[in-house]
Structures are given as structure tokens and as C-alpha cells.
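[1] kindly generate the corresponding structure for this input.
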Amino acid sequence: MGHLDHAAYGWLTPALSYVMASIGAALGLRCTVRALAATTGASRRNWLLTAASAIGTGIWTMHFVAMLGFHVAGTEVRFNVPLTILSLLVAMIVVGAGVFAVGYGKDRGRALVLGGLTTGLGVASMHYLGMAALRLHGSVSYEPLTVGLSVAIAVVAATAALWAALNIKSPVAVAVASLVMGGAVTSMHYTGMFAVSVAVTPSDAALPGVTAMQFIFPLAVGLGSYLFITSAFVALSPTADERAASAVASADLRLGEQGATAPAG
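    Residues are numbered from 1 along each chain as shown. Okay, here's the model as predicted:
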């Protein structure tokens, strides 16, 4: 068996992974809160789409930033590009299904269970599809119980996050929930990685695919920019309370103007 190092750069990659997961969770939760408060169907749909893309992007970036620190003694590690991109699309699509289940569900309890299960399975699917993109000299195997534990962590984390979106409105409380979800998603990743064993077959043959540095950094920069732009969009968009207050203020102003222009006596 090849010796596996899950943090070849020390705490750098785990810390960055946690930050990316937390940012994605924070954006996803804030967007879901905005969606639930939306007064029109189009607005709710757009906020839910943004939530799904933010959560999907955050967990995907977390996964592959963490994979920068994954080394196997005796073999180079490369990644299949189409499978890696497919894992990102799966994350967004399946997470989106879970978010929409919560956003449009009539029975909040049933919607929460369905949404949490779907979103959690989406997180786990992204992880193991991303692992299927690994190319190395040897074979990869998994310890079933640890794999099951990682999937359970993903489902519990997703359910807790969606519960927070349904029940917590305060920005501070959402921030705390995002930090918890970021920790849970990152824990799911490393739990899944501890299930991995690699039987190395020494070879001088060139491996297909690209290295983590060649592939992940350009996409991480692009997705990181997307998360930053989305953060600015969410921060600058008025909340439902702010829109309501603005509408009341505008109505009061119009009434005041009408009173000022009305003829005396």
C-alpha cells in the first residue's frame, strides 16, 4: 500500500478548504433566506438558482483545494478533466434539487427531509465523482463503513443548513450556521479521504490527465471570483424588510406631497 498524505502542505489546504466551504454555505443560506421572503415567483426562482450555484461552487472548490494536499508515495497523482468538471455540475444540479425542494415545498417538515437528503447526497456524489477522476499508478479502494459515515455527515450537514435557512433570519445567526456547515462539509471530505487506500504499482509510464496545480488553480481562481461577485451582489441587494420599509417611506412621501399641494379651505 502506498503511504497517503492528506495534508502535504500542513494546515494550509485544510484551512483554505474550510474557508471556501463556509463562504459557499453563507452565500447559499443568505440566498435561500432571500428566496423564501421573495414576493414573486421569478424572484424566488432566481434566488434559489443563485443559492444552488453558490453552495455547489463552494463545496467543489473546498474539495479540490483540499486535494492539492493529497500525495501518494511512489506515484504521481493526476486528474481526468471531464470527470472533474462533471463533478462540479453534479454538485450544482443535485444541490439545486434539494434547495428547490425546500424553496417550493408546501409541507416544511417533509421538504426539509427531502431537501437535506438530496443536497447531502449531492455533496457526497461530488466528492466521490471527483475521486473517480484520480489517475495514478495503482488502484484505489475504499473502506465501506467510513464511506457510509462520510455520506451520513454530508446528509446531516445539509439538513442542518437547510433548517437554518428556514428558521434563522438574523445575518449573525446565518454566519454562525455557515461556519458550522463549512466545518461539517470539510469533515465529510476528510472522513471520505480516510476511507481511501491505494495499492501502488510502480511504473514509468506517463499518466493521463493534469496535475492539481495545472487544473485546480485556474478553476479555483475563476470560481473564487464568482463567489466574490455573488457575495457583493447579495450584500448590495435589499432584503424584503428593506424593500417594505422603502415602499412605506415612498407612500408616506407621496401622501405628504399630495397634502402640500392640496388647495387650502
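[2] quick one: buried residues of stretch 10-17?
    T13, P14, L16, S17 (16 or more other C-beta atoms under 10 Å). For glycine as for every other residue, the C-beta is placed from the backbone atoms N, C-alpha and C.
[3] which residues in the protein form helices?
    All helices of the chain, identified by DSSP state H, fall at 12-37, 41-67, 81-104, 108-132, 144-167, 171-194, 212-236, 240-261.
[4] how many other residues sit next to P144?
    9 (other C-beta atoms under 10 Å).
[5] swap in A152?
    Neighbours of A152 using other C-beta under 10 Å come to 14.
[6] next one: L179
    15.
[7] so it sits right up against S22, yeah?
    Yes: here L179 reaches S22: they are 5.4 Å apart, a contact under C-beta atoms under 8 Å.
[8] who touches both of those two?
    Common neighbours of L179 and S22 are not found (criterion: C-beta atoms under 8 Å, 6 or more residues apart in numbering).
[9] can you give me the pLDDT of the nearest residue to G69 once chain neighbours are set aside?
    Setting aside the residues directly before and after it, G69 is nearest to T13 in space (C-beta to C-beta, 6 or more residues apart in numbering), at 3.6 Å. pLDDT recorded at T13 is 88.
[10] ok, L129 next?
    90.
[11] likewise for V151?
    pLDDT, read off for V151, is 93.
[12] any idea how far V65 is from the residue nearest to it when sequence neighbours are not counted?
    In this structure, V151 finds its nearest non-sequential neighbour in A124, 4.5 Å apart by C-beta to C-beta, 6+ apart. Plainly put, A124 is 18 Å away from V65 if you go by C-beta to C-beta, to the nearest Å.
[13] one more: P82?
    20 Å.
[14] tell me who's in contact with the residue nearest to V151.
    S150, V151, A154, V155, M188, G192.
[15] same thing but at 7 Å, please
    S150, V151, A154 (C-beta atoms under 7 Å, 6 or more residues apart in numbering).
[16] can you add neighbour count and distance to V99 and give those back as a markdown table?
    Converted to a markdown table, the contacts of A124 look like this (neighbours: other C-beta atoms under 10 Å; distance: C-beta to C-beta, whole Å):
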| residue | neighbour count | distance to V99 |
| --- | --- | --- |
| S150 | 23 | 21 |
| V151 | 20 | 19 |
| A154 | 29 | 15 |
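[17] which of those residues sits closest to W60?
    Of all these, A154 has the smallest distance to W60: 13.4 Å, by C-beta to C-beta.
[18] is that closest one in contact with H189, as I believe?
    No: with contacts counted by C-beta atoms under 7 Å, A154 stays clear of H189, the gap being 9.1 Å.
[19] just checking, H3 touches A73?
    Yes: H3 is within contact range of A73, at 4.0 Å (criterion: C-beta under 7 Å).
[20] pull out the buried positions in stretch 178-195.
    Burial within stretch 178-195, assessed by neighbour count using 16+ other C-beta under 10 Å, is assigned to 178, 180-182, 184-189, 191-193, 195.
[21] can you list contacts of that stretch?
    6, 14, 17-18, 21-22, 25-26, 29, 59, 62-63, 66, 123, 127, 142-143, 146-147, 149-150, 153-154, 157, 160-161.
[22] also stretch 41-60?
    20-21, 23-25, 27-28, 31-32, 34-35, 38, 87-88, 91-92, 95-96, 99-100, 103, 123, 126, 185, 223, 226-227, 230.
[23] burial measure for the nearest residue in space to M126 that is not next to it in sequence, as a count.
    The spatial neighbour of M126 that comes closest, neighbours along the chain excluded (C-beta to C-beta, 6+ apart), is A91 at 3.8 Å. For A91, the tally of surrounding residues (other C-beta under 10 Å) stands at 29.
[24] list the contacts for A91?
    G56, I59, W60, G122, M126.
[25] which residue is nearest the centroid of this structure?
    I55 (2.5 Å; C-alpha atoms, centre = their mean).
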